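Q: I would like to see how this sequence folds:
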Amino acid sequence: MKEKKETVILDDYTNWVHRFGRIGALIAILYMMFIPIAIAVAYDSFPPLSAILKGGIGVMALFIPIGISEVISYTPILGSASYLTFLTGNILNLKLPCVLNALKLAKADQNTPEGDAIATVAVAASSILTMLIIAIGVLLLVPLQPLFQTEFVKSATSYMLPALFGGMFLGILGPEQGSFRIKNKLLIMIVPVIIVSITVITGILISGLEGVAILLMLPIAIGIARVLWKKGIVHVVANEVKDN
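A: This next block holds a predicted model:
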């Protein structure tokens, strides 16, 4: 009886999240489309269709593959938090590290009700904090401008992204939290890394085609993972539960 009640509550929560997530995504899309249309109407400055296509095709060629690859690769980790995550952006550099760290601290598994709830809270907290920091930054932009122009600040900011991605990679190398972990999972990335490295060195993969590279590497990584799983090289094992 208790399990049935918990299942009903979980189904109600899932339906609620998907319903409001879809409504929120639709409102956000309409809102983002309304702003440029409203400005164009107010100032009678509609650009010609040829100019829209000329400028938009290049942007779509870059961001459509990236958007598709992000949905495929991030949704299994984010769960229902994907709605809020894709609306607020900054997935790889902010939202995803926050979710992974929150799941690690809570010792929760991905694709579970607990992990889903924790991911949603982590993304919401990250979004609120980001907006507060941006607001403070806008207010202090002019007073702190001389500080931002100094050499040591410029040098420090050039290392921000490498430090962020380095920290994320170290997190992948570290022990996994939760009830289960994937053994030998890093073997899956060897072939995609070699292929991408060769294409970058030879100049085949140029700037702007990162999204295409991600889309091409996803099925390769999935295929390698399946082969290694079939051979028993990569498999899921239970984590040992340590009593405090």
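Q: wait, is Val236 part of a strand?
A: Yes. Counting by DSSP: H, G, I helix; E, B strand; the rest coil, Val236 is part of a strand.
Q: Pull the number of nearby residues for it.
A: 11 (other C-beta atoms under 10 Å). Every residue, glycine included, has its C-beta placed from N, CA and C.
Q: That one reaches Ile182, doesn't it?
A: Yes. The criterion here is C-beta atoms under 8 Å, and Val236 meets it with Ile182 at 5.8 Å.
Q: Next, count neighbours for Ile72.
A: For Ile72, the tally of surrounding residues (other C-beta under 10 Å) stands at 14.
Q: now the residue nearest to it when sequence neighbours are not counted: how far from Phe86?
A: Computed as C-beta to C-beta, 6 or more residues apart in numbering, the closest residue to Ile72 that is not its neighbour in sequence is Leu218, at 6.1 Å. Counting by C-beta to C-beta, to the nearest Å, the gap from Leu218 to Phe86 is 17 Å.
Q: So between these two, which is more surrounded?
A: A count of neighbours by other C-beta under 10 Å puts Phe86 above the other of Leu218 and Phe86, at 20 against 15.
Q: Just the C-alphas of the host helix or strand of that one, formatted as PDB.
A: Assessed by DSSP states H and E, Phe86 sits inside helix 82-88. Below are the C-alpha coordinates for helix 82-88, written out as PDB (Å, rounded to 0.1, in the frame of the first residue of the first chain):
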ATOM      1  CA  SER A  82      16.600  20.000 -18.200                       C
ATOM      2  CA  TYR A  83      13.700  22.400 -18.700                       C
ATOM      3  CA  LEU A  84      15.100  25.000 -16.400                       C
ATOM      4  CA  THR A  85      18.700  24.300 -17.400                       C
ATOM      5  CA  PHE A  86      18.100  24.800 -21.200                       C
ATOM      6  CA  LEU A  87      16.100  28.000 -20.500                       C
ATOM      7  CA  THR A  88      18.700  29.600 -18.300                       C
END
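Q: Could you give me the buried positions within that helix?
A: Ser82, Tyr83, Leu84, Thr85, Phe86, Leu87, Thr88 (16 or more other C-beta atoms under 10 Å).
Q: Then stretch 182-195?
A: Those would be Ile188, Pro192, Ile195, for stretch 182-195 by 16+ other C-beta under 10 Å.
Q: sorry, back to before: in a markdown table: the buried residues of helix 82-88, plus distance to Ala40.
A: Output for the buried residues of helix 82-88, formatted as a markdown table (distance: C-beta to C-beta, whole Å):
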| residue | distance to Ala40 |
| --- | --- |
| Ser82 | 31 |
| Tyr83 | 29 |
| Leu84 | 29 |
| Thr85 | 30 |
| Phe86 | 26 |
| Leu87 | 24 |
| Thr88 | 26 |
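Q: a markdown table for those, including distance to Leu132 and pLDDT?
A: Converted to a markdown table, these look like this (distance: C-beta to C-beta, whole Å; pLDDT from 0 to 100):
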| residue | distance to Leu132 | pLDDT |
| --- | --- | --- |
| Ser82 | 23 | 88 |
| Tyr83 | 21 | 89 |
| Leu84 | 16 | 87 |
| Thr85 | 18 | 89 |
| Phe86 | 21 | 88 |
| Leu87 | 17 | 86 |
| Thr88 | 13 | 86 |
